[in-house]
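**Q** Build me a structure from this.
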Amino acid sequence: MTVSRARTVLLLAFLVIVWGINWPLSKLALNYSPPLLFAGIRTFLGGLFLLFFALPRIKTLRIKETWHFYVISAFLNIIIFNGLQTIGLGYVPAGLFSAIVFIEPVLLGIFCWIWLGESMYGLKIIGLILGFAGVAIISAGGFTGEISALGIILALGSALGWGLGTVYVKMIGDSVDSIWMVTFQLIIGGIFLICAGSSVESWSSIEWSLPFITNLFFLAVFVVAFGWLAFFTLVGSGEASKIGAFTFLVPLISIISSSIMLQEPITLNLFIGFLLIVSSIIFVNIKLKSQRIQTQMEIK
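**A** Numbering: from 1, shown residues only. This is a model prediction of the structure:
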């Protein structure tokens, strides 16, 4: 799948913004609903929304041949990533949890090097490290309070699921239709989370007020449905590790939007972290002339 430079920039900007504001909006939504049920409902609704776009492409589904691709993708990207994330936030501060989860681009760079044959060179390694350092500094305010070993394990598991899920989708990209892949991933994962939530949470605890319904609709359509579709469109069109590096910007947008929506303070850490994140993106996307020549020789 080839995506023009202009469309790539637009998709990246959209993805970083909607995934960034996802955090404060989700935090507001949790005032009206238990976490697992909320995660399951918004994921399932996102899948149903994409179903309208997928149905006209029904001939590309080939469910008998591809059903296992959808199940594995849902397990890694939705059940593991979203599920462990939702549970883990109850054990450690949100800032610490976010910093650990966003080690994912670092893991993704390593996974893409191992399984996809993407190049790994000094500048890229430095960039990935700088990006994680930037996220850690921005999230430093969350390093207060009691830290649970279980919470840290859940955060690492969430990052691992996301990294493996992204590489897996990149590997099977030529075998499945991209819209059907995202649609089934969301529907399968959403149903699982709803069932899990129903077993430990109460539906009567959900307050179906206008603010919650509006928030839920926005998150389901733009953050979940279009967000995941944009992410995997970008991953399928270029080096997954480079696209992953831009997700380092998500916590930055999250903190800025949280300061506006939730009146959370903006600190000096934000500006230092921002500089490291920008440096990360530059380093990851720079390829020296010698490395370009080597890559071209390998292709030939």
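**Q** show me what contacts residue 161?
**A** 76, 77, 79, 80, 81, 84 (CB atoms under 8 Å, 6 or more residues apart in numbering). No exception for glycine: its C-beta is placed from N, CA and C like everyone else's.
**Q** of the residues you listed, closest to residue 256?
**A** Proximity of those to residue 256 (CB to CB) peaks at residue 81, which lies at 23.3 Å.
**Q** In contact with that closest one, which residues?
**A** 158, 161, 162, 165.
**Q** go again using 10 Å as the cut-off
**A** 75, 101, 104, 157-166, 189 (CB atoms under 10 Å, 6 or more residues apart in numbering).
**Q** Can you select the buried ones among those residues for me in PyMOL?
**A** The following PyMOL line selects those of those that are buried, judged by 16 or more other CB atoms under 10 Å:
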select buried, resi 75+101+104+157+158+159+160+161+162+163+164+165+166+189
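**Q** circling back: least confident pick among the contacts of residue 161?
**A** Lowest in pLDDT among the contacts of residue 161 is residue 84, which has 88.
**Q** for the stretch 201-300 of the chain, which spans come out with low pLDDT?
**A** The model of the stretch 201-300 of the chain has pLDDT under 70 over residues 238-242, 244-245, 270, 285, 287-300.
**Q** let's go with 90 and repeat that
**A** 228-300 (pLDDT under 90).
**Q** what ranges do the helices span in it?
**A** Here the stretch 201-300 of the chain has its helices, by DSSP state H, counting those that start in this stretch, at 210-218, 227-237, 240-246, 249-261, 268-285, 289-299.
**Q** Could you dump these into TSV with distance to residue 122 and mean neighbour count added?
**A** Listed next are the helices of the stretch 201-300 of the chain as TSV, based on distance: least, CB to CB, whole Å; neighbours: other CB atoms under 10 Å:
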stretch	distance to residue 122	mean neighbour count
helix 210-218	42	15
helix 227-237	24	21
helix 240-246	14	26
helix 249-261	23	20
helix 268-285	9	18
helix 289-299	9	10
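**Q** Please convert the ones you listed to JSON lines, extending it with distance to residue 132.
**A** Listed next are the helices of the stretch 201-300 of the chain as JSON lines, based on distance: least, CB to CB, whole Å:
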{"stretch": "helix 210-218", "distance to residue 132": "29"}
{"stretch": "helix 227-237", "distance to residue 132": "19"}
{"stretch": "helix 240-246", "distance to residue 132": "10"}
{"stretch": "helix 249-261", "distance to residue 132": "11"}
{"stretch": "helix 268-285", "distance to residue 132": "8"}
{"stretch": "helix 289-299", "distance to residue 132": "22"}
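**Q** Show me the one of those that comes nearest residue 179.
**A** Using CB to CB, those put helix 227-237 closest to residue 179, at 6.9 Å.
**Q** May I have the closest one exported as PDB, CA atoms only?
**A** Output in PDB follows, covering the C-alpha atoms of helix 227-237 (Å, rounded to 0.1, in the frame of the first residue of the first chain):
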ATOM      1  CA  GLY A 227      -7.500   6.100  14.900                       C
ATOM      2  CA  TRP A 228      -6.600   2.400  14.500                       C
ATOM      3  CA  LEU A 229      -7.400   2.500  10.700                       C
ATOM      4  CA  ALA A 230      -5.000   5.500  10.300                       C
ATOM      5  CA  PHE A 231      -2.300   3.800  12.400                       C
ATOM      6  CA  PHE A 232      -2.300   0.600  10.400                       C
ATOM      7  CA  THR A 233      -2.600   2.400   7.100                       C
ATOM      8  CA  LEU A 234       0.600   4.300   8.000                       C
ATOM      9  CA  VAL A 235       2.300   1.100   9.200                       C
ATOM     10  CA  GLY A 236       1.400  -0.700   6.000                       C
ATOM     11  CA  SER A 237       2.700   2.100   3.900                       C
END
